[in-house]
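Engineer: Got a sequence here, can you build the structure:
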Amino acid sequence: MIHKLTSEERASQFPQLDGWQAMAGRDAIQRKLRFADFNEAFGFMTRVAIKAQEMDHHPEWFNVYNRVEITLSTHEAGGITERDILMAKFIDSIAKGAQPD
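Structural biologist: Numbers count the residues shown, from 1 in each chain. Take a look at the predicted model:
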């Protein structure tokens, strides 16, 4: 079974992430991005979807035109795990052109 990150693990991992926020009332992290247009946002989502399928770890997300909101949490562990950190780092690596929303 996958374990939730401890407070110490979170303290060491979270500073490595770009723009991710802890969600109030939920053991999850979220990042909101704004792209130049729908095509750029959808292309970003496609790259994330391919990686998510490879990792068997799928984000929760919401998209309207050029905005994408991503929430990461490992449901089987009931909170944030190393899988979420790895996915967040991947997302950070491909979201360089996006603006915070």
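
Engineer: what bridges to V68?
Structural biologist: Beta-bridge partners for V68, by DSSP bridges, are L33, N63.

Engineer: The protein: helices as residue ranges?
Structural biologist: Per DSSP state H, the chain carries helices over the ranges 7-13, 38-55, 82-94.

Engineer: Deepest-packed of those helices, please.
Structural biologist: helix 82-94 (a mean of 18; mean count of other CB atoms under 10 Å). For glycine as for every other residue, the C-beta is placed from the backbone atoms N, C-alpha and C.

Engineer: Mean pLDDT added to the helices of the chain, as a markdown table?
Structural biologist: Formatted as a markdown table, the helices of the chain follow (pLDDT from 0 to 100):
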| stretch | mean pLDDT |
| --- | --- |
| helix 7-13 | 92 |
| helix 38-55 | 97 |
| helix 82-94 | 96 |
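
Engineer: Let's have the ones you listed in TSV, adding distance to F62.
Structural biologist: Output for these, formatted as TSV (distance: least, CB to CB, whole Å):
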stretch	distance to F62
helix 7-13	24
helix 38-55	10
helix 82-94	14
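
Engineer: can you tell me how far I29 sits from A36?
Structural biologist: I29 sits 25 Å away from A36, going by CB to CB, to the nearest Å.

Engineer: quick one on the thing from earlier: out of the helices of the chain, which is closest to E76?
Structural biologist: helix 82-94 (9.6 Å; CB to CB).

Engineer: wait, what's in contact with the nearest residue to F62 once chain neighbours are set aside?
Structural biologist: In this structure, F62 finds its nearest non-sequential neighbour in E69, 4.5 Å apart by CB to CB, 6 or more residues apart in numbering. Listed by CB atoms under 8 Å, 6 or more residues apart in numbering, the contact set of E69 reads Q30, R31, K32, L33, W61, F62, N63, D101.

Engineer: And the last one, what's its pLDDT?
Structural biologist: On pLDDT, D101 comes in at 79.

Engineer: Look up the closest residue to the spatially most central residue of the chain, ignoring the ones flanking it.
Structural biologist: A centroid search over the chain (CA atoms, centre = their mean) returns A88, at 4.2 Å, as the residue closest to the centre. Leaving aside its sequence neighbours, A88 sits nearest to L17 (CB to CB, 6+ apart; 5.1 Å).

Engineer: Good, wrapping up.
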